[in-house]
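In: Turn this into a model:
(4 chains)
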4 protein chains.
Amino acid sequence: MINIGILGCGRIGQVHARAIAGLPNARLVAVADAFPDAAIALSEATGADIRNSAAIIAAPDIDAIIIGTPTDTHYDLIHRAAAAGKAIFCEKPVDLSADRIRDCIRAIDASGVPFFTAFNRRFDPNFAQIKARITAGEIGDVEIITILSRDPAPPPISYIAGSGGIFRDMMIHDFDMARFLLAEEPVQVFAVGSALVDPAIAAAGDVDTAAVTLTTASGKICQISNSRRAAYGYDQRLEVHGSKGMLRAENRLENAVEVATEAGFQRAPAMHFFLERYAEAYAAEMVHFVAALEAGTAPAPGITDGLQAQLLADAAAESLATGVPVLL
Amino acid sequence: MINIGILGCGRIGQVHARAIAGLPNARLVAVADAFPDAAIALSEATGADIRNSAAIIAAPDIDAIIIGTPTDTHYDLIHRAAAAGKAIFCEKPVDLSADRIRDCIRAIDASGVPFFTAFNRRFDPNFAQIKARITAGEIGDVEIITILSRDPAPPPISYIAGSGGIFRDMMIHDFDMARFLLAEEPVQVFAVGSALVDPAIAAAGDVDTAAVTLTTASGKICQISNSRRAAYGYDQRLEVHGSKGMLRAENRLENAVEVATEAGFQRAPAMHFFLERYAEAYAAEMVHFVAALEAGTAPAPGITDGLQAQLLADAAAESLATGVPVLL
Amino acid sequence: MINIGILGCGRIGQVHARAIAGLPNARLVAVADAFPDAAIALSEATGADIRNSAAIIAAPDIDAIIIGTPTDTHYDLIHRAAAAGKAIFCEKPVDLSADRIRDCIRAIDASGVPFFTAFNRRFDPNFAQIKARITAGEIGDVEIITILSRDPAPPPISYIAGSGGIFRDMMIHDFDMARFLLAEEPVQVFAVGSALVDPAIAAAGDVDTAAVTLTTASGKICQISNSRRAAYGYDQRLEVHGSKGMLRAENRLENAVEVATEAGFQRAPAMHFFLERYAEAYAAEMVHFVAALEAGTAPAPGITDGLQAQLLADAAAESLATGVPVLL
Amino acid sequence: MINIGILGCGRIGQVHARAIAGLPNARLVAVADAFPDAAIALSEATGADIRNSAAIIAAPDIDAIIIGTPTDTHYDLIHRAAAAGKAIFCEKPVDLSADRIRDCIRAIDASGVPFFTAFNRRFDPNFAQIKARITAGEIGDVEIITILSRDPAPPPISYIAGSGGIFRDMMIHDFDMARFLLAEEPVQVFAVGSALVDPAIAAAGDVDTAAVTLTTASGKICQISNSRRAAYGYDQRLEVHGSKGMLRAENRLENAVEVATEAGFQRAPAMHFFLERYAEAYAAEMVHFVAALEAGTAPAPGITDGLQAQLLADAAAESLATGVPVLL
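Out: Sure thing, here's the model as predicted:
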């Protein structure tokens, strides 16, 4: 039985609390949030204690900490939880600065605590299966990966301003997915981008439409494109072209009903909400985290994966700014 | 808060227990099973008391009874629960005899307790949406319904023998679905059937491959076909042809990955296990049952729907035996 | 080189003329039509002579006759062409009367001329491939066949009146397809039908919505449904369920473009026009007919197939009229 | 009636000859080929005269010349045909050198003859429809275009050596398609590439796996990827993401049959052969060319489109060689 404390009772903290409730081998002991109302609501829904962050990190009855607080608080909480010997489940991004992530790695290494970077998409049943089937050799050697991600609509401009930009905020998921599927580190990043959706995004110093090309030392290629807007829902597709075939995952639609009328054959839009779209992934990543702790194995992706994805995002931002590819 | 007792702790009782656990407005108070081990296991998983059926039916702290015991026990339990004033959630079929179901209806009517017949497929999100879109007029008037159901593999011959035959055991779901979507009672039933899957099924007096045609007074037509075996999983499809278009629901596959190789483009088989295939439907029917009790409205489908589906199954069995259509 | 004369220069005669033009081993020598304008137009388009029917049938420079005239003229033309020793390619139905088809069979047998009944759908690339893959054992033994045919819109009432009814005019194609795929003669036919599309069709003594169940001696089952109207185009689907799997052919759509908008993912309607939908089938059946004549083998389907489909249509009409299954 | 001469009786010349045969307003007068057997075969198949190139270009009874000879002969033939006042239908690429294409443009401009660059894919019914629906505003402003092209297998190494490289030989089609759909000239090209399929391709100085990013002045982005090998056929897909939705065209498969077995649901591979895959496009481009000549309008794409695609290919090759984006 793994005893868990949640720091941050917002949307994502609630998702993790539900995932823990569904596990026979984990127990949510306590929750904390800077906003008392959020902590009270989650405590009432789960029966967990309300404590402050320091108390949760220090608590002898807690084995693992879930960090679901704003990104700029991760650094401090990671250091304190590592010092307290707690296993850590940290929402992505670990930090917006690669140097600060390196600091965190030093702290984690020094303490030896398990660390899980919550790149939930690796646990999506379809993407996980594609990874497994690549590993099993079903399509031979990986040659070209194509990842298309589009959000239904851009976040508020206020969010954009503090997000670190589209590469660190949105495409970071795709960078991790690329590394996961390539099974080889990219050595070059080239990025282009535009603000086509909303001029306010340009005014905030960001782009809303972006495309990146990654290449590896052995010559594998990955193309990623992102848009902050898709009329038809939350568009999440990828395909992997290999020497013996191709694997791909289509969108998850709101339902499986098709209607045929004079206009043709119509299926539902893609699921709009990321928490619904990746519901199975959120549950599966918690199963993995708890099982790894119980087995004494390292959860994956770990903090190094968090760093590597961040380095790709940094390189993409630099490439966009300079107009030339960035070598890693 | 609706307090519930479960009679029958087998596979389906466990499904309902999980559904109750997910509801904020329902509580599983007690469970009973003729096999103590089954009751103990479900009690341990849920925290519910173990009591015997009589105690659960009599309990003042229980509002509703879920009957998930073998079909031949339903009659007695329904009468006793009705007499005790308990709301009833009864697995299908209510009984294999229409006359005995009529007896139950009298008992339910006399007591006035709410009664829900668990035709779970009405609560499948896709089928429910098709119903809603028909009702909204999206395809005009319903003209032809086509329902294809195939099980992955036949049940044990020992089960077949006591099942009441393919029409009462398997096609009963399709009869209910036909009534649900036609929104008009069939007035004629014609059935054909063969034992093509396993000669032992013929030896047991049943068929494993069957097709039925239903017609209504206004001329609507429904064709249903069943097979006890499908190499590619649990095949559950239906479509509704109307004056302005057609609505259909395709199979639910094990995953959404497609692989392209020399052999072509391949997607996963259909989900094999009915509990997994209809997982959302099992959860949704419990939501509906509990909500109806809280609101004081009648849950649907009710016991009359259980009777009507049974009458269609009886008519199909008679048509198969006599070789001619049966008028209702 | 096979020299061909076409009797009947309407829509279907023109289709066959184009098919012949595409063949290196066939030549269209002459055309005839009761309406001179039709013959003139086809002659100008193809360079073929204009002659009258009698002259074409008698012509020593013609090997084969294509009969594309109205159904009630087939009987006489078949007898005359058989007597003249000409190979015959006859549009379906051979005749609306089974007895008259039997007369034709006697004439064909007496003369020994090759005879092809133009059930073009057997030559649709997808349906032909399903047949080939069944024969190759890909899905084991055939158990259930489901055929859905819907026309985009009903023909004029004047046409309905002389059509012989939906079973002889429209479902005749499905009866032939059922025989083709079952590879076993049906022994029982049960039909239901309604006039849901247009009351004028009922007034003309016909139905526009019909469903038939065929069964064979070995217990195979085939369900067919027809509607004279489909908002979404010319709907032509079939599937074959076997002991080891299932083969199916989906509709041919107007194009392969998909658009995703707020309303969802939409593909084009089904092709509306039967000449376009079955364009490849019309070309392929002519390839087959000419190749058979060159090789000295019997073209298939032959006149017996024309009779058998007609007997199924007659039986369906009788079943609809009497309300009970008809044994063959 | 447009009278046409074909220069080059190889595979593509034969395709054009068949297209002409299907047109009421065009006539194939003469054919020429450096290999007499090729000319003889095409003459026998079509009834056209055999003449040499000079005679065809000079012939007063010929209005238009189709140039289907090897690429290095195009330059000379274009100049001679232009000087002779003949309309020109020229296979792509016009030439492997942009400067030499500019020479041709001068010759064409001086003579005023109509010139058609045979980028056949613009005439594929699905791609043409996507263009039309973009133009009609169906998906709002174009933002991201994704083009995936994979050949079934690489050409012989001997062909690679003289092909001008993957960008000029294979991706040239995608560059034209990008320009067609963007409706705005790219201003920057970035390319990456590897030889993953066959080391002999690297030895020949080329790559077999390549990805390009195009950007326009207004910020539109196009990602293209190519592979010389796809186990599952000739893979030709594209999608256009716009402000109001997304349009895409899936692959054309060998047939529309689906089989369901224990392994899942399987459809056919993509059509393998480009002449078959683009059969409709080859026919449609000839319809367009002849109709434009008859109407006295300029056929499109014209020679400038041939130049622009070549400039993009040149830029891609330069980008691959230098490792940095190339500005246009």
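
In: use CA for all of it now, contacts and neighbours both
Out: Noted.

In: how about the residues of the stretch 201-328 of chain A near chain B?
Out: Within the stretch 201-328 of chain A, the positions near chain B by C-alpha under 8 Å from any C-alpha of the partner chain are A:244-250, A:252, A:255-262.

In: buried subset of those?
Out: Those of those that meet the buried threshold are A:244-249, A:252, A:255-261, by 16 or more other C-alpha atoms under 10 Å in any protein chain shown.

In: how about those in a markdown table, adding secondary structure, distance to chain D and pLDDT?
Out: Shown next, in a markdown table, are these (DSSP: H, G, I helix; E, B strand; the rest coil; distance: C-alpha to the nearest C-alpha, whole Å; pLDDT from 0 to 100):
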| residue | secondary structure | distance to chain D | pLDDT |
| --- | --- | --- | --- |
| A:Lys244 | coil | 6 | 98 |
| A:Gly245 | strand | 5 | 98 |
| A:Met246 | strand | 8 | 98 |
| A:Leu247 | strand | 11 | 98 |
| A:Arg248 | strand | 13 | 98 |
| A:Ala249 | strand | 14 | 97 |
| A:Arg252 | coil | 16 | 93 |
| A:Asn255 | coil | 19 | 94 |
| A:Ala256 | coil | 16 | 93 |
| A:Val257 | strand | 18 | 97 |
| A:Glu258 | strand | 18 | 97 |
| A:Val259 | strand | 19 | 97 |
| A:Ala260 | strand | 18 | 97 |
| A:Thr261 | strand | 19 | 97 |
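
In: could you list every residue that touches the residue of the stretch 51-200 of chain A found nearest chain D?
Out: Scanning the stretch 51-200 of chain A for the residue nearest chain D gives A:Ser194, at 5.2 Å (criterion: C-alpha to the nearest C-alpha). With contact taken as C-alpha atoms under 8 Å, 6 or more residues apart in numbering or on different chains, A:Ser194 is in contact with A:202, A:207-210, D:219-220.

In: Straight-line length of stretch A:67-76, end to end?
Out: For stretch A:67-76, the first and last residues are 11 Å from each other (C-alpha to C-alpha, to the nearest Å).

In: Which segments of chain A make up each domain?
Out: Here the domain parsing of chain A from automatic domain parsing is A:2-113, A:122-277+A:308-327.

In: Mind checking the pLDDT average for the shortest one?
Out: In this case it means domain A:2-113. The predicted model gives domain A:2-113 an average pLDDT of 96.

In: hmm, it touching chain B?
Out: No: contact of domain A:2-113 with chain B (C-alpha under 8 Å from any C-alpha) is absent, the minimum separation being 9.1 Å.

In: end to end, how far does that domain reach?
Out: 14 Å.

In: Any idea which residue of the stretch 51-200 of chain A lies closest to chain B?
Out: Scanning the stretch 51-200 of chain A for proximity to chain B using C-alpha to the nearest C-alpha identifies A:Asn126 as nearest, at 5.8 Å.

In: Run through the strands of the stretch 151-300 of chain A in chain order.
Out: Listed in chain order, the strands of the stretch 151-300 of chain A (DSSP state E, counting those that start in this stretch) span A:186-194, A:209-216, A:221-227, A:235-242, A:245-249, A:257-261, A:264-267.

In: Same list, the ones you listed, but as CSV with distance to D:Asn226 please.
Out: Supplementary listing: the strands of the stretch 151-300 of chain A in CSV, determined by distance: least, C-alpha to C-alpha, whole Å:
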stretch, distance to D:Asn226
strand A:186-194, 18
strand A:209-216, 14
strand A:221-227, 11
strand A:235-242, 10
strand A:245-249, 13
strand A:257-261, 33
strand A:264-267, 30
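
In: quick one: which of those is nearest C:Asp198?
Out: strand A:257-261 (19.0 Å; C-alpha to C-alpha).

In: Could you confirm whether that closest one reaches chain C?
Out: Yes: under the criterion of C-alpha under 8 Å from any C-alpha, strand A:257-261 makes contact with chain C via A:260-261.

In: Identify the residues contacting that strand?
Out: Here strand A:257-261 has contacts from A:265-268, B:126, B:129-130, B:139, B:244-250, C:231-232, C:269, using C-alpha under 8 Å, 6+ apart.

In: And stretch A:113-122, by the same measure?
Out: Contacts with stretch A:113-122, where a contact means C-alpha under 8 Å, 6+ apart, come from A:82, A:85-92, A:94, A:108, A:127-128, A:173, A:176-177, A:180, A:278, A:281-282, A:285, A:289, A:293, A:298-303, A:305-306.

In: just the buried members of these?
Out: Among these, the ones that count as buried by 16+ other C-alpha under 10 Å are A:82, A:85-92, A:94, A:108, A:127-128, A:173, A:176-177, A:180, A:278, A:281-282, A:285, A:289, A:293, A:299-303, A:305-306.

In: Just the residues you listed: which are in helices?
Out: Mapping the buried ones among the contacts of stretch A:113-122 onto helices (DSSP state H) picks out A:82, A:108, A:127-128, A:173, A:176-177, A:180, A:281-282, A:285, A:289, A:293, A:303, A:305-306.

In: Of all pairs in those residues, which one spans the longest distance?
Out: For those, with distances taken as C-alpha to C-alpha, the pair at the greatest spread is A:Ala82 and A:Phe127 (30.9 Å).

In: Please name the residues that touch the residue of the stretch 51-200 of chain A found nearest chain C.
Out: Nearest to chain C, among the residues of the stretch 51-200 of chain A, is A:Pro152, at 9.9 Å (C-alpha to the nearest C-alpha). Contact partners of A:Pro152, counting by C-alpha under 8 Å, 6+ apart, are A:228-235, A:272.

In: Please repeat the previous calculation with a cut-off of 6 Å.
Out: A:229-230, A:233-234 (C-alpha atoms under 6 Å, 6 or more residues apart in numbering or on different chains).

In: List only buried entries from the residues you listed.
Out: Burial of these was assessed by neighbour count (16+ other C-alpha under 10 Å); the buried members are A:229-230, A:233-234.

In: What separation do you get for the nearest residue to A:Ala26 once chain neighbours are set aside and A:Gly10?
Out: Here the nearest residue to A:Ala26 in space, its sequence neighbours aside, is A:Ile2; by C-alpha to C-alpha, 6 or more residues apart in numbering or on different chains that works out to 4.5 Å. With distances defined as C-alpha to C-alpha, the gap from A:Ile2 to A:Gly10 amounts to 22 Å.

In: do A:Val259 as well
Out: Applying C-alpha to C-alpha to A:Val259 and A:Gly10 gives a distance of 38 Å.

In: for A:Glu258, same thing?
Out: Note on A:Glu258: its distance to A:Gly10, by C-alpha to C-alpha, is 36 Å.

In: What of A:Val142?
Out: Plainly put, A:Val142 is 39 Å away from A:Gly10 if you go by C-alpha to C-alpha.

In: All good on my end, thank you.
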